[in-house]
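Student: any chance you can model this:
(one chain, ligands or ions: 2)
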Amino acid sequence: MLENKNTSLTPLSTIGEFPLIKHLTKKFSLDPSLDTECGIGDDSAVLSKREHPTLVSSDLLIENIHFDLSYVPLKHLGYKAIMVNLSDIFAMNGTPTQVLVNIAVSNRFTLEALEELYEGIALACKRYKVDLIGGDTSSATKGLTLSITVLGTAKKENIAYRKGAKKNDLLVVSGDIGAAYMGLQVLEREKEVFKVNPKSQPDLSPYTYCIERQLKPEARKDVIDLLEKLKIVPTSMIDISDGLSSECIHLCKSSKVGCRLYEEKIPMDPEMLRTCDELSIPNMTAAFQGGEDYELLFTINPSDYEKIKDNPLVSVIGHITDENEGYYWVTGLGQSIELEAQGWDALKK
Ligand code: ADP
Ligand code: MG
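Tutor: Ligands and ions are numbered 1, 2, ... in the order given. Here you go, the predicted structure:
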């Protein structure tokens, strides 16, 4: 191996994922003759400016970075890998239609193991009505890597970008937040216990909801269907893969606005709150910084408030402000605290 003597080289750990993407792609511009409506910077790209554009997005899942097979069953992994991708199409207010699945596997895996993975993929495709249309397969020196690309469609006027939020719009989130992160904490804790005492029989029944949120998330097709039924087109939308705080800041930065969130409005499940107490993790840390909820965060025009205010699928958690008012959350005691995007940053952990 050649030794690297150049001390001016930049370690990736000093950059962070999003600045890196920005840096690597800054010299690329869209060729007008190719009719790409939206490239880098949203949950999915939007191909074509015409009435029914195609949406496309892809995601990479790497063993021991994104999942740990010591507690993730392969069938669940296959299911979740599809959900993660569908979620990016729903985040554009679109309908997913096809997926391509690329896998790289080491010889540690058997045919039966991959069959299990594909059982999960098949179940997800069937439930969400998407076709598996291709992919690629390779051997790998180590571990398992999954890369999935999803295609979808939407009516042009219904597409919700990250950039459309306006001052006074209401910030809305689907479902509840932070449970997937707490599920991960419980699974990691049990893994450590198991290492010390392989005969231990963990009782995970008090954490069923959190563990299910971690291992078997559902992408929020029901929320997209609800919006259609209520005739609400969100002014902006993003899915929550990396933590509420970081996604909220992404949405605000794209829209060039600020936001105020209210602690007492953040939807959290009772089991998640109890697990936070037990593991001494502050609720708001799990809610704001924990990732993998795959809920939708969106903004609506205040005139749509009446249509959703009592709907159990969604919660209004705050509103949009001027950009110069920054990104803040207000505690139960009325104190304003700046939102921090510590969420999942692939290159810093
Ligand atoms: P999400 O969290 O919704 O999956 P990401 O945060 O991964 O989105 O990506 C943000 C944007 O950057 C997306 O538009 C994505 O397509 C783009 N992107 C991510 N990685 C790369 C890359 N290596 N080269 C070009 N574009 C990228
Ligand atoms: Mg996304």
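Student: identify the residues contacting the residue nearest to Glu338 when sequence neighbours are not counted.
Tutor: Excluding the flanking residues, the one nearest Glu338 by C-beta to C-beta, 6 or more residues apart in numbering is Tyr328, at 5.7 Å. Backbone N, C-alpha and C define where each C-beta goes, glycine included. Tyr328 makes contact with Gly258, Cys259, Arg260, Leu261, Ser336, Ile337, Glu338, Leu339, according to C-beta atoms under 8 Å, 6 or more residues apart in numbering.
Student: look up how far Leu30 lies from the closest residue in space to the last one that isn't next to it in sequence.
Tutor: When you say that, I think you mean Leu339. Nearest residue to Leu339, sequence neighbours excluded (C-beta to C-beta, 6+ apart): Tyr327, at 4.2 Å. Tyr327 sits 29 Å away from Leu30, taking C-beta to C-beta, to the nearest Å as the criterion.
Student: that older thread, could you export the contacts of Tyr328 as TSV, including secondary structure and distance to Ser48?
Tutor: Formatted as TSV, the contacts of Tyr328 follow (DSSP: H, G, I helix; E, B strand; the rest coil; distance: C-beta to C-beta, whole Å):
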residue	secondary structure	distance to Ser48
Gly258	strand	33
Cys259	strand	31
Arg260	strand	36
Leu261	strand	35
Ser336	strand	43
Ile337	strand	42
Glu338	strand	39
Leu339	coil	35
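Student: any idea which of the residues you listed has the most stuff around it?
Tutor: Counting neighbours by other C-beta atoms under 10 Å, the top entry in the contacts of Tyr328 is Cys259, with 25 neighbours.
Student: any stretches of the stretch 201-349 of the chain with poor pLDDT?
Tutor: 343-349 (pLDDT under 70).
Student: for ligand 1, what are the nearby residues on it?
Tutor: Ser241 (C-beta under 6 Å from any ligand atom).
Student: residue boundaries of the helices in the stretch 201-349 of the chain?
Tutor: Using DSSP state H, counting those that start in this stretch, the helices of the stretch 201-349 of the chain run over 208-215, 221-229, 244-255, 270-278, 283-289, 305-308.
Student: need the contact list for the spatially most central residue of the chain.
Tutor: Closest residue to the average C-alpha location of the chain: Ser241 at 1.9 Å, with C-alpha atoms, centre = their mean. Contacts of Ser241 were listed using C-beta under 8 Å, 6+ apart, and they are Val84, Ser87, Glu247, Gly291, Glu292, Asp293, Tyr294, Trp344.
Student: closest one to Lys231 out of those, please.
Tutor: Ser87 (22.8 Å; C-beta to C-beta).
Student: what's the helix or strand that closest one falls within packed up against?
Tutor: Using DSSP states H and E, the element containing Ser87 is helix 74-90. Packing partners of helix 74-90 (3 or more C-beta pairs under 8 Å, 6 or more residues apart in numbering; DSSP states H and E): strand 54-62, strand 95-105, helix 111-127, strand 144-153, helix 221-229, strand 236-240.
Student: most neighbours per residue, which of these?
Tutor: Ranked by mean neighbour count under mean count of other C-beta atoms under 10 Å, these are led by strand 236-240, which reaches a mean of 26.
Student: what does the chain have sitting close to ligand 2?
Tutor: Counting by C-beta under 5 Å from the ion, the chain comes close to ligand 2 at Asp43, Asp88, Asp239.
Student: pull the contacting residues for the closest residue to ligand 2 within the stretch 201-349 of the chain.
Tutor: Residue of the stretch 201-349 of the chain nearest ligand 2, by C-beta to the ion: Asp239 (4.3 Å). Counting by C-beta under 8 Å, 6+ apart, Asp239 makes contact with Asp43, Ser87, Asp88, Phe90, Ala91, Ala219, Arg220, Glu247, Tyr294, Glu295, Leu296, Leu297.
Student: confidence score at Ser13?
Tutor: Looking at Ser13, its pLDDT is 87.
Student: for Leu55, see how far away it is.
Tutor: In this view, Ser13 and Leu55 are 33 Å apart by C-beta to C-beta.
Student: now swap in Lys142 and tell me
Tutor: Taking C-beta to C-beta, one finds Lys142 at 33 Å from Leu55.
Student: by proximity to ligand 2, which residue of the stretch 1-150 of the chain wins?
Tutor: With C-beta to the ion as the measure, Asp43 is the residue of the stretch 1-150 of the chain nearest to ligand 2, at 3.7 Å.
Student: where does that residue land in three-state SS?
Tutor: Secondary structure, DSSP: H, G, I helix; E, B strand; the rest coil: Asp43 is coil.
Student: in space, what's closest to it - neighbours in sequence excluded?
Tutor: Per C-beta to C-beta, 6+ apart, closest to Asp43 is Ala91, 3.8 Å.
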